[in-house]
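Peer 1: with the input below, show me the fold.
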Amino acid sequence: MTARENSKTVMMHFWHMECCGEPFKVGDHIERWPVDTYKYAGQHELFDTRDVDFLYMDHYTEKEMEKFSWLEGDVAVIRLVYFRYTEVKPRVLEPVEAKIIEATEATKWHADIGDFRFGAFVVKIDNAKIEPIKIGKKKKFRIK
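Peer 2: Numbers count the residues shown, from 1 in each chain. Prediction:
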């Protein structure tokens, strides 16, 4: 099986990285990312999510984490997803347009592009390995 045949794609919302994420770049080896099956593939109104396999999950108790899996593999592609918002009522914003930019690294902070605000990473992982999370075996994800 080639790396391409064993690839998985993960969506990571911006706040995971801004809060406690560890920057990564194309070519890095991800040892453990907590992920859950992405249940909305192809359903996002603003950009195509048919290839998204997993949603990055963190900030849960150990018991809650048991529902998820660990993902390990090599970062092959990083896409930055930006959204343009409109105010639908006072202080309530709704995304109305998306812009996707390929990048070589994912850093903690990404500046706005005009009136587009950074919203998520979509990351392709080659040589992907998945294993269930077991209580008592929770380990912090690592990047080599």
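Peer 1: and the residue in the chain sticking out farthest from the centre, its phi and psi?
Peer 2: Within the chain, residue 90 marks the point farthest from the mean C-alpha position, 29.6 Å out by CA atoms, centre = their mean. Phi and psi for residue 90, reported as degrees, to the nearest 10, are phi -50, psi 120.
Peer 1: repeat that for residue 114.
Peer 2: Phi and psi for residue 114, reported as degrees, to the nearest 10, are phi 60, psi -120.
Peer 1: in this structure, where's the longest strand?
Peer 2: In terms of residue count, the longest strand belonging to the chain (DSSP state E) is strand 69-89.
Peer 1: packing partners for it?
Peer 2: strand 8-13, strand 24-25, strand 29-37, strand 92-103, strand 105-106, strand 116-132 (3 or more CB pairs under 8 Å, 6 or more residues apart in numbering; DSSP states H and E). For the C-beta atoms, the positions are set from N, CA and C on the backbone; glycine is no exception.
Peer 1: which one of those strands has the most crowded surroundings?
Peer 2: Highest mean neighbour count of those: strand 8-13, a mean of 20 (counted as mean count of other CB atoms under 10 Å).
Peer 1: over to residue 40. Which of the three states is it?
Peer 2: Taken by DSSP: H, G, I helix; E, B strand; the rest coil, the conformation at residue 40 corresponds to coil.
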